[in-house]
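> Give me a 3D structure for the following:
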Amino acid sequence: MGRFAIMTLTDAAASRVRELVSARAQGGDAGIRIGVKKGGCAGMEYTIELAEQPNPGEDVVEKDGARVFVSPQAVLFLLGTVMDFETTVLRTGFVFNNPNQTSACGCGESVELTPADKSLLESSVQP
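Residues are numbered from 1 along each chain as shown. Model prediction:
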């Protein structure tokens, strides 16, 4: 039984993930872990960290050799998200185009997220 990907990566995001992992990792299962936590003036913040392997229960999103591990607690907040990487005059970093985001703080460091309807996740399971 397969499930669709919780989130997708753009080419730029996949390239940056591969760069980060190759600069720091030893093992072939390495990637980055994405999550969300309470914090910031809007209520939630995205978390990103290097990871040697997925933890039990994590979803793994892969594109062109880039691996992103999604913590189980973040799945409903990230469902349908497109992860991008951009360089602008003011900042360089990952950008999350998240349909579950209802607002963001002025500085862009935190967001307000509403969890997706669980039935969307369950209906995505393919026989």
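> report the longest helix in the protein, please.
The single longest helix within the chain, with elements called by DSSP state H, is helix 11-24.
> The most centrally placed residue in the chain: which element?
Centroid-nearest residue in the chain, with Cα atoms, centre = their mean: residue 34, separated by 4.4 Å. Using DSSP states H and E, residue 34 sits in strand 31-39.
> Tell me the neighbouring strands of that strand, and mark each as parallel or antiparallel.
Partners of strand 31-39 in the sheet, by DSSP bridges, are strand 43-51 (antiparallel), strand 66-70 (parallel).
> just the ones you listed: most buried one?
strand 66-70 (a mean of 23; mean count of other Cβ atoms under 10 Å). Where you see a C-beta, it was placed from the backbone N, CA and C, and this is true even at glycine.
> mind listing what's buried in the helix or strand just after it?
Sequence-wise, the next helix or strand downstream of strand 66-70 (DSSP H and E) is helix 75-78. For helix 75-78, the neighbour count (16 or more other Cβ atoms under 10 Å) marks 75, 76, 77, 78 as buried.
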